[in-house]
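Peer 1: coords please:
(chains A and B)
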There are 2 protein chains.
Amino acid sequence: MSAELKKHIEEVVLLTDEEFAHINSHFKFKHFKKHQYLIQEDEQVKNIYFVIKGLLKATFTDANGKEYIIQFAMENWWISDFQAFYSNVKSIINIICLENVELLSISKENLDKLCNESHKMEHFFRIKNSSGYVALQQRILSLLTTSPKERFEQLSRQYPQLSQRVSKTVIAAYLGISRETLSRLSTKL
Amino acid sequence: MSAELKKHIEEVVLLTDEEFAHINSHFKFKHFKKHQYLIQEDEQVKNIYFVIKGLLKATFTDANGKEYIIQFAMENWWISDFQAFYSNVKSIINIICLENVELLSISKENLDKLCNESHKMEHFFRIKNSSGYVALQQRILSLLTTSPKERFEQLSRQYPQLSQRVSKTVIAAYLGISRETLSRLSTKL
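Peer 2: Residues are numbered from 1 along each chain as shown, chains lettered A, B, ... in the order given. All right, here's what the predicted structure looks like:
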């Protein structure tokens, strides 16, 4: 039984112990080592993942081999290639562990089953999806309208612990700037 | 009764006539003229909108008065400032009609009521939210990894009718390029 998952779901809906035991039985515990791939480009994506412990990055590699970081995921976040997962197409991204990682995975079949059986869980995932949508809308606004310097300030404000957990090279790839530009920004701030 | 809304919901869940009549009674029909504001920066956002007819743009204006287009919305799309709507904060964007527009609006109170009463509607909005999330994830990938030329090609492929419905100035603002650069790209393609 995952106390983390129970706490996370109960931020949205209250559950009896029986309800949670049933929900929990649809998830599988998995652990991965730093540098391992959770999702690999060009493969089927059968699961979404709830992060119990650790940090991951979702990346896209272009035709020239340049890596872009789409997003990070850490404790209490959900991560997957959602397009591949929902539309049953092959993944176009990689999801890679930046630390040793503990996760709970749930398959599409089990997610649909849970949501179908339980109005509470359907509600939980509707709310989670809407929060995710809002977060991505903010990222788009930020990419469209802010400079790398402002994005670095936003990131440091939102996730102060991130710069202690990942290398400057990784942060630079997320901001879409070179390692050297980031060093100049970090020194200034 | 809106045949468009019924058709749209039934792409996800089947409804009896009674069920749909009940759902429909939670929406209000509204129409706006070209250039009117559906949502104005710095105001409360009480509704989300389903577009029956017409085209709109969601924009952000920076401190220097420069306008960025975050997204378009047209027939069968949902639009609002979702962050302001869900979090009950003031809007930071404008949503403006690019044509005469017909919409159905639903308030937060009515949305929550419908989803609470009807597992089917909760399911419908979960699925809609997940599709919206996937669409935004693609937009982020596109902003991070593609050139304005590639973004213009993507846009022309995804929404071939858009270039007939809006001015080149509006398309350029969506792509984040100048009107002149867009003209050069259009001639080349």
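Peer 1: quick check, pLDDT for residue A:189.
Peer 2: In the prediction, the pLDDT value recorded for residue A:189 is 62.
Peer 1: next: residue A:123.
Peer 2: Each residue has a pLDDT score; the one for residue A:123 is 98.
Peer 1: distance from the helix or strand that contains residue A:68 to the middle of the chain?
Peer 2: Residue A:68 belongs to strand A:67-73 when elements are defined using DSSP states H and E. On the basis of CA atoms, centre = their mean, to the nearest Å, the separation between the geometric centre of strand A:67-73 and that of its chain is 9 Å.
Peer 1: hmm, the following helix or strand past it touching chain B?
Peer 2: If you walk from strand A:67-73 toward the C-terminus, the next helix or strand you reach (DSSP H and E) is strand A:78-79. No - legend: contact between strand A:78-79 and chain B by CB under 8 Å from any CB of the partner chain is lacking; minimum distance shown is 10.4 Å. For the C-beta atoms, the positions are set from N, CA and C on the backbone; glycine is no exception.
Peer 1: partner strands of strand A:78-79 and their direction?
Peer 2: In the sheet containing strand A:78-79, the strands it pairs with under DSSP bridges are strand A:47-53 (antiparallel).
Peer 1: related to what we said a few turns ago, and the strand holding residue A:68, what does it pack against?
Peer 2: The criterion is 3 or more CB pairs under 8 Å, 6 or more residues apart in numbering or on different chains; DSSP states H and E, and the helices and strands that strand A:67-73 contacts are strand A:56-61, helix A:168-175, helix B:119-145.
Peer 1: what sits up against it?
Peer 2: For strand A:67-73, contacts defined as CB atoms under 8 Å, 6 or more residues apart in numbering or on different chains pick out A:49, A:51, A:55-62, A:79, A:93, A:95, A:98, A:139, A:159, A:162, A:166, A:170, A:173-174, A:176, B:137, B:140-141, B:144-145.
Peer 1: lowest confidence element among the helices and strands of chain A?
Peer 2: helix A:179-188 (a mean of 84; mean pLDDT, DSSP states H and E).
Peer 1: in chain A, which residue sits closest to chain B?
Peer 2: Shortest chain A-to-chain B distance, computed as CB to the nearest CB: residue-wise this is residue A:129, at 3.5 Å.
Peer 1: pLDDT score for that residue?
Peer 2: 94.
Peer 1: picking that back up, would you mind giving the helices and strands packed on strand A:67-73 as CSV with distance to residue A:121 added?
Peer 2: What follows is these, written out as CSV (distance: least, CB to CB, whole Å):
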stretch, distance to residue A:121
strand A:56-61, 24
helix A:168-175, 32
helix B:119-145, 10
